[in-house]
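1. using only what follows, build the 3D model:
(one chain, ligands or ions: 1)
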Amino acid sequence: MKDSENHWDVVVVGAGLAGMMAANCAARDGATVCVLEQGEGEHYPCNTRYSGGLFHIALDDLAGEPEVVLSNLHRAMHGEFDTDLAEALIENAPAAIRTLKDFGVRFISAGYDGFRRHSLAPPIVRRPGLHWRGRAGDVMLETLERSLTNVGAQLRRGVTAEQLMMNAETGRCVGVQARHINGPETYHAGSVILADGGFQADSQLVADYISPAPHRLVQRNAESGRGSSVRMAASVSARLVGMESFYGHLLHRDAFHNERLWPYPVLDAVATAGIVVDGAGSRYCDEGKGGVYIANQTARLRDPASIFVVFDEAIWSNAGRSGLLPANPYVVDAGGSLIRADSIGSLATKMAMHPDILHRTITNYNESLAAFEPSIGSPSRSTDRYRAEPIKGPTYYAFPACAGITYTTGGLAINAYAQVLHENGAVIGGLYACGACTGGLEGGRWAGYTGGLTKAATFGLIAGRSALSDLRTTA
Ligand SMILES: Cc1cc2nc3c(=O)[nH]c(=O)nc-3n(C[C@H](O)[C@H](O)[C@H](O)COP(=O)(O)OP(=O)(O)OC[C@H]3O[C@@H](n4cnc5c(N)ncnc54)[C@H](O)[C@@H]3O)c2cc1C
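-> Sure, this is the predicted structure:
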């Protein structure tokens, strides 16, 4: 019930997909629900609004045979995930899509592959830069707001949750202290659901866990995920997991000042076919582990915006043209500078690095490929996912590059019911979390990506359901 003292059955923090799904599910079945959203505008920025709109699990069909989906997850994560969360994801993802459709969200199949089978309608425009208005995530959030308010629930804009209220005797979460543009507000709640979208835009948390130089990462996101959930829940001793990884891509370095160079196109395909070097000209990671992994390794460098992707004519003409919005020609068309030279020495000079180091890096790399022993290179180069190509001219190329952070994949530890866990492993009563502020499913040592939208929708569904059954039990 809601009364004059601002009591609600369920208070949700964050009106992205995870929060709006949870709120709709709880409200549809009779709970009084209030969603707090820090953004003030009608189209408040969030990652859901900026997203590509593709619902998948580990880049394949979320509704495939469960064993196939599980093996895809294993491949993406190298087996390093919470199995309870994985089972909950696989079991509930198809229901999450059906539920979104019940709320009026429209999907199309944007391709024959499983990756694009569940794509938001209308789909995003494949052009360099950010184009979200009137498409995919933007339309989905408008639809979810309509269905929410149709059942009497509220979405309050311009309200930032700041602190959890806890019952000192029971240890249960009983509400949220928030700040509206007009002053502080108190929200009493039967249950609180945290869904603030992660901590990628909080430079202190990023410095603590991800990169020594947060300001040298391109924010490839809406900059609305500022770590509120992590901070609020950590202050009541919630357990944090997998904080060191993020989902992101390699971007052209000009993306810092050229808006046509983010979030697309990305440099992953050329980087995984060629090599990536630091500012001195040395390789520093296994490019064969993929663009998300390279972005994570890049973030750990002293200067993540000092790197170059190095390749040759053959890579530029082949891998360079692969993907939905290929680097060749879109990066150059969008104004990204491409360095070209007819020798390694001349390329190095143009990259402002010592020619001997780059020469040695490329020669060693080519030799290890020629000996069919890329794994003996230093660092070793795996070839099971991406073919490694030698860099042999006649024309040599380089892109000045950097890491773009899309969303953090670690965060609050939850169980399969989306209940937030205490450091001691017990459930924190009345507190749930879903979406990109939770950890345990993606990320890990290999920076595995399992799909932010499916995770948000599925655990939003679970959190809404769980909060409702909690309410019925405690009533
Ligand atoms: C460019 C881009 C492309 C992407 N493409 C895809 C894709 O095709 N497929 C896919 O699976 N994933 C994709 N993703 C990832 C996906 O968008 C996210 O993982 C997902 O939308 C996260 O949903 P969320 O609800 O957890 O967070 P968000 O959508 O970020 O929503 C969180 C909300 O919480 C609000 N908030 C934050 N702090 C507070 C506070 N203290 N008080 C009140 N409100 C607060 C924020 O303002 C925000 O509105 C993409 C992301 C980006 C940026």
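
2. report how many residues lie close to residue 78.
-> Using other C-beta atoms under 10 Å, the number of residues around residue 78 comes to 12. C-beta coordinates here come from the backbone N, C-alpha and C atoms, glycine included.

3. the residue lying closest to it once chain neighbours are set aside: what's it in contact with?
-> Closest residue in space to residue 78, ignoring its immediate chain neighbours: residue 446 at 4.9 Å, by C-beta to C-beta, 6 or more residues apart in numbering. Contacts for residue 446 were tallied using C-beta atoms under 8 Å, 6 or more residues apart in numbering; they are 77-78, 80, 289, 293.

4. let's see it at 7 Å
-> Contact analysis of residue 446 by C-beta atoms under 7 Å, 6 or more residues apart in numbering lists 78, 289, 293.

5. what distance separates the helix or strand harbouring residue 428 from the centre of its chain?
-> Element membership for residue 428, per DSSP states H and E: strand 427-433. In terms of C-alpha atoms, centre = their mean, to the nearest Å, the centre of strand 427-433 is found 23 Å from the chain centre.

6. following the chain onward from that strand, which element is next?
-> Downstream of strand 427-433, the next assigned helix or strand under DSSP H and E is helix 452-474.

7. you'd agree residue 361 is in a helix?
-> Yes: under the criterion used here (DSSP: H, G, I helix; E, B strand; the rest coil), residue 361 sits inside a helix.

8. domain-wise, how is the chain divided?
-> The chain is divided into the following domains under automatic domain parsing: 7-243+409-474, 247-405.

9. want to throw the contacts of residue 446 into TSV with pLDDT?
-> TSV is the format used below for those (pLDDT from 0 to 100):
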residue	pLDDT
78	88
289	95
293	97
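
10. next, the angle helix 452-474 makes with the strand holding residue 428.
-> Angle between the axes of strand 427-433 and helix 452-474 is 140 degrees (criterion: axes from the mean of the first three to the mean of the last three C-alpha atoms, to 10 degrees).

11. residue ranges for the helices of the protein, please.
-> 17-28, 47-50, 66-77, 83-102, 136-150, 203-209, 228-234, 268-273, 291-299, 313-317, 327-333, 344-350, 355-370, 452-474 (DSSP state H).

12. so which of the ones you listed is the most surrounded?
-> The densest packing among the helices of the chain, expressed as mean neighbour count by mean count of other C-beta atoms under 10 Å, is seen in helix 17-28 with a mean of 30.

13. from residue 216, how far out is the residue nearest the centre of the chain?
-> Centroid-nearest residue in the chain, with C-alpha atoms, centre = their mean: residue 407, separated by 3.4 Å. Taking C-beta to C-beta, to the nearest Å as the criterion, residue 407 is separated from residue 216 by 18 Å.

14. and what of residue 136?
-> Here the criterion is C-beta to C-beta. By it, residue 136 lies 30 Å from residue 216.

15. again, but for residue 94
-> When C-beta to C-beta is the yardstick, residue 94 and residue 216 sit 41 Å from each other.

16. do residue 26 as well
-> Following C-beta to C-beta, the distance that separates residue 26 from residue 216 is 41 Å.

17. next one: residue 192
-> Going from residue 192 to residue 216 by C-beta to C-beta gives 35 Å.

18. residues from this structure in reach of the ligand?
-> 13-19, 36-39, 44, 46-48, 50-54, 160-161, 195-197, 221, 224-226, 228, 263, 406-407, 435-436, 451-454, 456 (C-beta under 6 Å from any ligand atom).

19. any low-confidence regions in the stretch 301-450 of the chain?
-> Low-confidence segments of the stretch 301-450 of the chain, defined by pLDDT under 70, are located at 375-377.

20. residue of the stretch 101-250 of the chain with the smallest distance to the ligand?
-> With distances taken as C-beta to the nearest ligand atom, the stretch 101-250 of the chain approaches the ligand most closely at residue 197, which sits 2.6 Å away.

21. quick one: residues contacting that residue.
-> With contacts defined as C-beta under 7 Å, 6+ apart, residue 197 is in contact with 14, 16, 46-47, 224-225, 407, 435-437.

22. pipe these into JSON lines and attach distance to residue 281 per row.
-> As requested, these are arranged in JSON lines below (distance: C-beta to C-beta, whole Å):
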{"residue": "14", "distance to residue 281": "43"}
{"residue": "16", "distance to residue 281": "41"}
{"residue": "46", "distance to residue 281": "39"}
{"residue": "47", "distance to residue 281": "35"}
{"residue": "224", "distance to residue 281": "37"}
{"residue": "225", "distance to residue 281": "35"}
{"residue": "407", "distance to residue 281": "31"}
{"residue": "435", "distance to residue 281": "40"}
{"residue": "436", "distance to residue 281": "36"}
{"residue": "437", "distance to residue 281": "39"}
